[in-house]
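In: this is the structure alone, sequence omitted:
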Ligand code: GLY
């Protein structure tokens, strides 16, 4: 398959050149065998930016059929479950933050839930050792999936019937889509885990290596999606699909039961909203730490004139690092599912408290994390989650982050149902002080309990200016998510950077423990050297996240920018 990349080269956006002339003439806009990828678009009617071109194009197609941004977001999420199984999912969970055309702000929680048989010490062996192998892969690592319940809960704000929104995903699963080289390599890398953790053969398994241009057909997944189309959420949480999940659990030693599935509910929460220099920032509340961390970090820099320091100056990076360190130390101690643990949100965002938190900040040297609070070291792991944004001309703006946790989640494909299950149980603190796969530590607040939702870092965010959508932002990346969103907002709101630069320029990250500043390739060497002289440990690492942004321009047009770090795609209409 040939994929064409379209990079922006003039101000008012670009028009994709589709290899298939009928691209926009057919009923469905997507030709899953030949499609283009574009990184930036400027448009007037609506925009979608996601991790996969086919999913973004399906979202736009739904807008063209009269759907609103909510409809487009649902169709995009379902398409991602087919074309981006590394993180797109129906076997995982996520969060939606949205601003509706009537001005209403919503936050929807469809985070996975610990099964009824889960216990606080379920990953601790008889010698007291934490079994991260079991919390991170295989059947026991899965929480009760929330994505399908989430999409049905969200659909009350849509205009089109759910059947219409799910059909493109069914078609993609049934007829297949061609793989890019990157995707083929990714499936090849998955083969040994599939063999290790699965009790049945799935569509992802292949005896000869996957290669670019191969067609991935997922019949079992298509049938699962058809049951959801025909029976609603019950097509997943009850009946045949539920039976297939429970059978899979029994074969592989997992603990999710029919009752767990039947009782799962997506929950509307009060969005985490705060003001930053006249902008209203709308984020996700617990069980995601994202909104609260972003709030703390933004407020800790608010009165320090960071704009005068300049983008990626030593001063600005040092300040942001110290702010990130302090927020993440609070995360470890105080944050968890607020339905189970009283999270002191007001106290953590109180301006006197945040001033006190920065009292030992020294602009000339590092504050070692041991002086903030002790902990353990990071284990490097992939951070696969996925984020997408949608906006429409009615004024609906949607920011969704969804995940299986790390790449391909538990690596368990539900036999006969064709979808991967998450390994989200690892986002709990499985033992106080033992880092999860992202190096995050925790304790009581995020301890495992039956029915509890594990603490997340996902940070779907909307920024309003004069109460109208201005920015829609989010990214995958585990614990790097809140710091990447923080950086993106600072880049745009303080440094006045272009959307493309805010998305694509090198990012950095600090999370209290380990006491390291991670920087991406391309981070300025002189700044790195200056930071080392101030006492920081700086380490270059693989790409940080894949930030997607939609910005509303002064002329009310939508600018959507997809991250260059992946095959992410921005579509507009
Ligand atoms: N599983 C990554 C997160 O929720 O933060």
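Out: Received, thanks. Given the structure is predicted, the values throughout are model-derived calculations rather than measurements.
In: any idea how far residue 244 lies from the ligand?
Out: With distances taken as CB to the nearest ligand atom, to the nearest Å, residue 244 is found 24 Å from the ligand. Just so you know, the C-beta spots here come from the backbone N, C-alpha and C atoms, and that holds for glycine as well.
In: past the helix or strand containing residue 56, which element shows up next along the chain?
Out: Here residue 56 sits within helix 53-64, counting by DSSP states H and E. Later in the chain than helix 53-64, the nearest helix or strand by DSSP H and E is helix 69-83.
In: ok now that following helix, how far from the chain's centre?
Out: Remark: helix 69-83 is offset 14 Å from the chain centroid, using CA atoms, centre = their mean, to the nearest Å.
In: make 487 the starting number, not 1.
Out: Done: numbering now begins at 487, and the last item shifts to helix 555-569.
In: residue 901 versus the residue lying closest to residue 625 once chain neighbours are set aside, what's the distance?
Out: Leaving aside its chain neighbours, residue 625 sits nearest to residue 740 (3.1 Å; criterion: CB to CB, 6 or more residues apart in numbering). Noted for residue 740: a distance of 12 Å to residue 901, by CB to CB, to the nearest Å.
In: cool, and residue 654?
Out: For residue 654 relative to residue 901 (CB to CB), the value is 25 Å.
In: who does the helix or strand hosting residue 706 touch, helix- and strand-wise?
Out: Using DSSP H and E, residue 706 falls within helix 705-717. Counting contacts by 3 or more CB pairs under 8 Å, 6 or more residues apart in numbering; DSSP states H and E, helix 705-717 packs against helix 555-569, helix 648-661, helix 720-723, helix 725-738.
In: so where's the stretch 887-1036 of the chain shaky on pLDDT?
Out: Of all residues in the stretch 887-1036 of the chain, none has pLDDT under 70.
In: okay, strands next: where are they in it?
Out: With DSSP state E, counting those that start in this stretch as the criterion, the stretch 887-1036 of the chain has strands at 947-951, 954-960, 994-995, 1003-1006, 1024-1027, 1034-1038.
In: just put these in JSON lines and tack on mean neighbour count.
Out: Listed next are those as JSON lines, based on neighbours: other CB atoms under 10 Å:
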{"stretch": "strand 947-951", "mean neighbour count": "22"}
{"stretch": "strand 954-960", "mean neighbour count": "25"}
{"stretch": "strand 994-995", "mean neighbour count": "25"}
{"stretch": "strand 1003-1006", "mean neighbour count": "22"}
{"stretch": "strand 1024-1027", "mean neighbour count": "15"}
{"stretch": "strand 1034-1038", "mean neighbour count": "27"}
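In: so which of those strands is nearest residue 545?
Out: With CB to CB as the criterion, residue 545 lies closest to strand 1034-1038 of those, at 11.7 Å.
In: helices or strands up against the closest one?
Out: Helices and strands touching strand 1034-1038, by 3+ CB pairs under 8 Å, 6+ apart, are strand 532-536, strand 871-878, strand 954-960, helix 985-990, strand 1044-1047.
In: what's whichever helix or strand comes after the shortest one in contact with?
Out: Next in sequence after strand 1044-1047, counting helices and strands by DSSP H and E, comes strand 1055-1058. Strand 1055-1058 is contacted from outside by 499, 523-529, 531-539, 541-543, 545-546, 1034, 1044, 1046-1048, using CB atoms under 8 Å, 6 or more residues apart in numbering.
In: off-centre distance for strand 1055-1058?
Out: 18 Å.
In: avg pLDDT for that strand?
Out: Throughout strand 1055-1058, pLDDT has a mean value of 98.
In: direction included, what does it pair up with?
Out: Sheet pairing of strand 1055-1058 (DSSP bridges) gives strand 532-536 (antiparallel).
In: give me the contact list for the partner strand.
Out: Strand 532-536 is contacted from outside by 527, 541-543, 545-546, 549, 555, 558, 562, 566, 872-879, 1034-1036, 1044-1048, 1054-1059, using CB under 8 Å, 6+ apart.
In: for the helices and strands packed on strand 1034-1038, give me JSON lines that also has distance to the ligand.
Out: Converted to JSON lines, these look like this (distance: least, CB to the nearest ligand atom, whole Å):
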{"stretch": "strand 532-536", "distance to the ligand": "18"}
{"stretch": "strand 871-878", "distance to the ligand": "5"}
{"stretch": "strand 954-960", "distance to the ligand": "12"}
{"stretch": "helix 985-990", "distance to the ligand": "20"}
{"stretch": "strand 1044-1047", "distance to the ligand": "23"}
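In: please enumerate the helices of the stretch 687-836 of the chain.
Out: Counting by DSSP state H, counting those that start in this stretch, the stretch 687-836 of the chain has helices at residues 705-717, 720-723, 725-738, 744-749, 776-787, 800-820, 831-835.
In: same deal with the stretch 487-636 of the chain?
Out: 539-550, 555-569, 618-622, 633-640.
In: can you get me a residue count around the closest residue to residue 813 other than its chain neighbours?
Out: Distances taken as CB to CB, 6+ apart place residue 782 nearest to residue 813, at 4.3 Å, with adjacent residues excluded. For residue 782, the count of nearby residues is 25 (other CB atoms under 10 Å).
In: still on that earlier bit, so for residue 790, which of the strands of the stretch 887-1036 of the chain sits nearest?
Out: For the strands of the stretch 887-1036 of the chain, the distance to residue 790 is smallest for strand 994-995, at 17.5 Å, taking CB to CB.
In: give the residue spans of the stretch 487-636 of the chain that score low on pLDDT.
Out: 487-516.
In: in it, which residue sits nearest the ligand?
Out: The ligand sits closest to residue 597 of the stretch 487-636 of the chain, with a gap of 7.6 Å, by CB to the nearest ligand atom.
In: count of residues packed around that residue?
Out: There are 33 residues near residue 597, going by other CB under 10 Å.
In: ok, it to residue 977 distance?
Out: Look at residue 597 and residue 977: by CB to CB, they are 28 Å apart.
In: still on that earlier bit, my guess is the residue nearest to residue 625 contacts residue 629. True?
Out: No. At 10.6 Å, residue 740 and residue 629 do not qualify as touching, with contact defined as CB atoms under 8 Å.
In: which stretch among the helices of the stretch 487-636 of the chain comes nearest residue 845?
Out: Of all the helices of the stretch 487-636 of the chain, helix 618-622 comes closest under CB to CB, at 35.9 Å.
In: tally up the residues packed near residue 709, please.
Out: Residues contacting residue 709 under the criterion other CB under 10 Å number 18.
In: name the nearest residue to it, ignoring sequence neighbours.
Out: residue 904 (7.4 Å).
In: residue 702 is in contact with that neighbour, correct?
Out: No. Using CB under 8 Å, residue 904 makes no contact with residue 702, being 11.1 Å away.
In: got any residues that touch both of those two?
Out: residue 689.
In: who has more neighbours, those two?
Out: Using other CB under 10 Å as the criterion, residue 904 and residue 702 rank with residue 904 on top: 25 against 21.
In: which of residue 740 and residue 629 has more neighbours?
Out: Using other CB under 10 Å, the more surrounded residue of residue 740 and residue 629 is residue 629, with 32 against 21.
In: wait, what's in contact with the more buried one?
Out: Contacts for residue 629 (CB under 8 Å, 6+ apart) come out as 579, 597-601, 908, 910-911, 939-940.
In: thanks a lot, see you next time.
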